[in-house]
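In: quick one, structure for this:
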Amino acid sequence: MTTQTTNRERGLPPLPPVRYNLRQRIQLGPLLIITVLLVTLCYPATLIGRGMVTATYLKEGEALMLNGHWAEAQDNFNAAMDWSISNETPFDSRWGVALRTGDIEGAVADFTTVINNHPGRYMGYCYRADAYRELGRNEEALQGYRDCLAHEPDRIWEQVAIRAIQTLTRNAK
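Out: As a prediction, this is how the structure comes out:
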């Protein structure tokens, strides 16, 4: 016997077809609790995973740099910058390679790539401004430091950017 037959025998009208839909039979309370638990437990794991990937690229890049493989180290630091959310080490390491090799223009291009991929992160703006300043492109450096401040840097970068803006503005006069 089907439900509709049983209902007719008892004198009840058949249930509308919508009642047989799976979504209607699952209670939403437990489903919502399970969803919240999964999000709560999995989101930190993604952050930890990102940190581990960043650390791996950094370690490989540092080993390559110590062996004099600058281009390969640079590639690892670029990958680490892309994976890093708030770790400044990949940016600092990439900047160190640029200063050692004299490839400041390459660093500007790499920091610009990071900015294009992650426009909300302040570190790309700050390091690109440093690179422009090193190249003597003071107007671009000044704008870079302003962009850095606009993206709410940490306290240290905030002070660095403010002092750099003051110095560049004073020297421009």
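In: pop out the phi and psi values for the spatially most central residue of the chain.
Out: The residue lying closest to the centre of the chain (Cα atoms, centre = their mean) is residue 85, at 4.1 Å. Dihedral pair for residue 85: phi -90, psi -50, per degrees, to the nearest 10.
In: now swap in the one 3 residues further on and tell me
Out: Its backbone dihedrals place residue 88 at phi -80, psi -20, with angles given as degrees, to the nearest 10.
In: please report how far it lies from residue 63.
Out: For residue 88, the distance to residue 63 (Cβ to Cβ, to the nearest Å) stands at 20 Å. Bear in mind the C-beta positions are built from the backbone N, C-alpha and C, glycine included.
In: do the same with residue 96
Out: 14 Å.
In: also residue 101?
Out: Per Cβ to Cβ, residue 101 is found 17 Å from residue 63.
In: domains of this structure?
Out: Listed domain ranges for the chain are 22-90, 103-173 (source: automatic domain parsing).
In: related to what we said a few turns ago, which of residue 88 and residue 63 has more neighbours?
Out: For residue 88 versus residue 63, neighbours defined as other Cβ atoms under 10 Å are more numerous around residue 88 (17 against 13).
In: so who does that one touch?
Out: By Cβ atoms under 8 Å, 6 or more residues apart in numbering, residue 88 lies in contact with residue 123.
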